[in-house]
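K.L.:
coords please:
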Amino acid sequence: MKEKIIIESIEEGLEKYKYYDSYKYNMDYLNEQLENIEKRFRDQEEAFNKESDKRETAIFPAHVFYKMQPSIVAPAYNLNQYLTKLNEYTVYYNFGEREKLKKTEVELNIYVNQIFISIKTLLDRCVSLFTYYIKGVSKDSTFGHIKANGTATGLINKIITIKKKPNDVDKEKEPLLDYIYEQYNEWIRIAVGPRDMIIHYNDFYTKYQHPIDGRIFPVHLEIRTFDDPYIDGEYVEPCDYNYKILYQKIHQLYEFFFTITATLSHPAYKISLSKMHYI
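P.N.:
Just a heads-up that it's a prediction; the model follows:
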């Protein structure tokens, strides 16, 4: 139960009202994880250099990981900014500040757009790391998806192909590929859907919920403006996202990301350079 606070002015409210801060991602913890994984990739690179002379102009996973860091941090940053704006929105709502509410509504929708774009971006960035460990993965590929007709693209397509021909990959790498495929079906497939709508069609539709404790928060609806919401005469409920679901998606993303990068950077995984890795 959140402690009830008495707020007598907007300024005081913006300073004291922090209801949604408990859902923010811990940025210090995130940075510690980044440093740990980067060190593991550096150690892996050193081990490779002791055994090979093919390193003069090569780009190694540690460098790729380091250059990815803005994309790694972006989902947590966007979530935290969204939650800050949600605190502000509640204050403005309770003081009847209509003009500030309108402005903050726009800002909330900017950040929710960026959350879903940054989720897909980070997944796509991961593919470059796989080029060092899984034969046949292209640096120009994306994370990919499975289409409605069952065909697949990108890394997901490569994983499906390998699952059909398991002899094409080292046995110790099969659990990681199985994990990625399971995670795709469990939550990634749904989490990347809004990004395509935002980029190609329209922004989220928004409705608001009013709990009895005086708060107000948006629920973002994944609705394409010109799509028919009925299938065979039945109304199809759109996917919706509130702050708790956004929080869940970001935590699922980082659990997934740090699981695969910790696995790839493990000493048991050996770097394999190909033509694409040289400059």
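K.L.:
Helices along the protein, start to end?
P.N.:
Secondary structure of the chain (DSSP state H): helices located at 10-16, 27-51, 61-67, 69-94, 98-130, 154-164, 174-183, 189-191, 193-200, 243-264.
K.L.:
what's the closest of these to I216?
P.N.:
The closest approach between I216 and any of the helices of the chain, judged by Cβ to Cβ, belongs to helix 69-94 at 4.9 Å. For the C-beta atoms, the positions are set from N, CA and C on the backbone; glycine is no exception.
K.L.:
So which bits of that closest one are buried?
P.N.:
Buried residues in helix 69-94, defined by neighbour count with 16 or more other Cβ atoms under 10 Å: 72-93.
K.L.:
Of all the helices and strands in the chain, which has the lowest average confidence?
P.N.:
Of the helices and strands making up the chain, the lowest-confidence element is strand 230-231, at a mean of 71, by mean pLDDT, DSSP states H and E.
K.L.:
ok so, going back, and of the helices of the chain, who's closest to Y230?
P.N.:
Of all those, it is helix 193-200 that lies closest to Y230, at 18.3 Å by Cβ to Cβ.
K.L.:
Give me the below-cutoff pLDDT ranges for the stretch 51-200 of the chain.
P.N.:
Counting by pLDDT under 70, the ranges of the stretch 51-200 of the chain that qualify are 53-55, 166-169.
K.L.:
any idea how far the residue nearest in space to the middle of the chain lies from E12?
P.N.:
Among the residues of the chain, the one closest to the centroid is I119, at 2.5 Å (Cα atoms, centre = their mean). Counting by Cβ to Cβ, to the nearest Å, the separation of I119 from E12 is 35 Å.
K.L.:
just C239 next, same as before
P.N.:
Distance of C239 to E12, given as Cβ to Cβ: 37 Å.
K.L.:
out of these two, which sits in the busier spot?
P.N.:
C239 (16 against 13; other Cβ atoms under 10 Å).
K.L.:
what's around L30, how many residues?
P.N.:
Other residues lying near L30 total 17 when counted by other Cβ under 10 Å.
K.L.:
quick thing: my sequence starts at 30, can you match it?
P.N.:
Noted, 30 is the first residue going forward, which turns the last one into L59.
K.L.:
Okay, it and D169: tell me how far apart.
P.N.:
Using Cβ to Cβ, we find L59 at a distance of 28 Å from D169.
K.L.:
do E67 as well
P.N.:
24 Å.
K.L.:
Compare those two and say which is more crowded by neighbours.
P.N.:
Applying other Cβ under 10 Å to E67 and D169 shows that E67 carries more neighbours, namely 19 against 10.
K.L.:
any idea of the pLDDT on the more buried one?
P.N.:
Here the pLDDT value assigned to E67 is 97.
K.L.:
for M30, same thing?
P.N.:
What the model reports as pLDDT for M30 is 47.
K.L.:
check contacts around N107.
P.N.:
N107 sits next to 140, 143-144, 147 when contact means Cβ atoms under 8 Å, 6 or more residues apart in numbering.
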